[in-house]
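> coordinates only, sequence not included:
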């Protein structure tokens, strides 16, 4: 049975076959950066893009007061402990662009601020290859807000 062999990584909560997942065991990973996601499936989607070379942290959900999900129900304190232990310079928040994801991002920013690490949020916007005229209002607004200098 597959369930017998699959566990969660003790460090990042990714799906693993042993105490630590392959990513956390990889000495080539940039240990100064932690990218935070809500679920292991998001971690895998980002990692398959090969655009990020740091470590991850899976929250196993997002804050949702209406559903009774508070800070103690997600793995935020474990993230705080990783930052407190030292070596981490930046935490990149990649929660979903939902009310719950935004609330989680704000909470994490406040939680980690005392440690002096840079906390950033992934950009949202227009997909590559898409015509701007077909983007919805929220996507266009986020694209303009997340603009960067050339």
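Arrived safely, thanks for sending. Treat the numbers as computed from the prediction; the structure is a model and nothing was measured.
> so residue 79 is in which element?
Element membership of residue 79, judged by DSSP states H and E, is helix 76-84.
> helices or strands up against that helix?
Applying 3 or more C-beta pairs under 8 Å, 6 or more residues apart in numbering; DSSP states H and E, one finds that helix 76-84 contacts strand 30-37, strand 54-58, helix 99-112. To be clear about C-beta, it is placed using only N, CA and C from the backbone, and glycine gets the same treatment.
> hmm, 6 Å instead?
Counting contacts by 3 or more C-beta pairs under 6 Å, 6 or more residues apart in numbering; DSSP states H and E, helix 76-84 packs against helix 99-112.
> Toward the C-terminus, what is the element adjacent to the helix it packs on?
Trace forward from helix 99-112 with DSSP H and E and the next one is strand 118-121.
> Name the residues of that next one that are buried.
Residues of strand 118-121 classed as buried: 119, 121 (neighbour count, 16 or more other C-beta atoms under 10 Å).
> same question, stretch 104-111
Buried residues in stretch 104-111, counted by 16+ other C-beta under 10 Å: 104-105, 107-108, 111.
> Residue 61: neighbour count?
Other residues near residue 61 come to 16 when the count uses other C-beta atoms under 10 Å.
> The residue lying closest to it once chain neighbours are set aside and residue 101: what is the separation?
The shortest distance from residue 61 to any non-neighbouring residue, by C-beta to C-beta, 6 or more residues apart in numbering, is to residue 74 (4.9 Å). As for residue 74, its distance to residue 101 is 11 Å (criterion: C-beta to C-beta, to the nearest Å).
> Equivalent analysis for residue 129, please.
Applying C-beta to C-beta to residue 129 and residue 101 gives a distance of 25 Å.
> More neighbours: which of the two?
Taking neighbours as other C-beta under 10 Å, residue 129 and residue 101 compare with residue 101 leading, 18 against 5.
> is it true that the residue nearest to residue 61 touches residue 64?
No - Residue 74 lies out of contact with residue 64 (C-beta atoms under 6 Å); the separation is 9.5 Å.
> Have a look at the two and say which one is more surrounded.
The neighbour comparison of residue 74 against residue 64 (other C-beta under 10 Å) goes to residue 74, with 23 against 17.
> residues in contact with the worst-scoring helix or strand of the chain on mean pLDDT?
Lowest on mean pLDDT, DSSP states H and E among the helices and strands of the chain sits helix 137-145, with a mean of 84. For helix 137-145, contacts defined as C-beta atoms under 6 Å, 6 or more residues apart in numbering pick out 124-126.
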